[in-house]
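*Asks:* My questions are about this predicted structure, shown below with the sequence.
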Amino acid sequence: MNLQLSGKTAFVTGSTKGIGKSIAVALLGEGARVIVNGRSKTETLVDELSERGEVFAVEGDLAVADDCERICKEIDALGGLDILVNNMGIFEPKPFVEIGDEEWRRFFEANVMSTVRLSRHFFPKLMEKDFGRIINVASEAGIRGLESMIHYSMTKGAQVVIGRGMANLTKGSGKDITVNSVLPGPTMTEGVQEWLADSAEVEGKTEDEFVADFFRETEPDSLLQRFIRPEEISSVVTFLCSPLASAVNGASIRAEGGMIKSIV
């Protein structure tokens with residue numbers, strides 16, 4: 001299927017590894033021009049991805065307001081955007097009563113305010129065009145409210161609400177502008193792979209045995225009963241970036257392996 005993304009410019013935040021990198025690769029595969037982002041060392045990523053298409057990098061910490069403002073200006077200087085993918089985020093399991101005010105602020109700045117600042121800058125510019133996409137990579141945690149990381153869950157729920165609110169602002173524009181959220185479940189990123197290997201070794205299990213036990217005991221509602229591959233998330237995101245997805249607006253697309261039992 002041709003997703004008609006050739007010639008479109010996309011900015012994928014937090015794209016040096018994991019889901020973000022997979023999204024960048026998928027968009028390049030569809031002919032998009034991609035701007036990647038990380039706090040440092042993006043040259044290696046650009047070198048790696050350049051054989052796939054046209055790639056640029058903007059370095060900086062999007063949790064920091066000044067860095068975010070500078071990055072927006074650098075992207076404007078590159079010619080602006082057609083697609084914004086708010087993927088950057090942090091997470092950490094921690095007991096609720098041990099999460100101090102500074103931790104709440106740190107998670108809010110990284111996961112929520114990065115989305116707010118970038119969207120606030122680029123959304124009006126997209127509304128001036130005939131085509132535009134904003135995708136918030138949230139999480140099923142934003143719907144379930146995980147007790148193991150309530151601060152993270154709060155930020156992901158906020159991203160979903162922000163996405164729906166901005167989508168409402170596209171009403172009556174007569175243009176192909178959409179704002180959607182994607183809700184991944186547990187995904188086999190580099191960090192999860194390291195945790196999995198270490199945990200399996202500590203428990204004297206193979207990785208396959210550890211994964212089977214983990215999902216049976218910790219995530220019994222998962223229909224997939226395994227970790228999701230990054231490319232399974234990036235495929236969903238890439239479709240939502242496409243002109244073919246024009247009828248999907250203001251949606252929260254679950255890509256969590258069937259962990260949420262609700263049918264809507």
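*Replies:* Thanks, I have it.

*Asks:* List the contacts of residue 60.
*Replies:* Going by C-beta atoms under 8 Å, 6 or more residues apart in numbering, residue 60 touches 37, 39, 67-68, 70-71. Every residue, glycine included, has its C-beta placed from N, CA and C.

*Asks:* From those, which shows the smallest pLDDT?
*Replies:* pLDDT across these is at its lowest for residue 39, which sits at 94.

*Asks:* Does the closest residue to that one other than its chain neighbours belong to a helix, a strand or coil?
*Replies:* Closest residue to residue 39 apart from its sequence neighbours, by C-beta to C-beta, 6 or more residues apart in numbering: residue 61 at 5.0 Å. Here residue 61 is recorded as coil under DSSP: H, G, I helix; E, B strand; the rest coil.

*Asks:* now residue 61: how far from residue 19?
*Replies:* According to C-beta to C-beta, to the nearest Å, residue 61 and residue 19 sit 18 Å apart.

*Asks:* All the helices of the stretch 51-200 of the chain, in order from the start?
*Replies:* For the stretch 51-200 of the chain, helices defined by DSSP state H, counting those that start in this stretch occupy the ranges 65-77, 101-107, 114-127, 141-144, 150-168, 190-203.

*Asks:* which one of these lies closest to residue 242?
*Replies:* Relative to residue 242, the nearest member of these by C-beta to C-beta is helix 114-127, separated by 15.1 Å.

*Asks:* elements contacting the closest one?
*Replies:* Counting contacts by 3 or more C-beta pairs under 8 Å, 6 or more residues apart in numbering; DSSP states H and E, helix 114-127 packs against helix 65-77, strand 83-86, strand 131-137, helix 150-168, strand 176-184.
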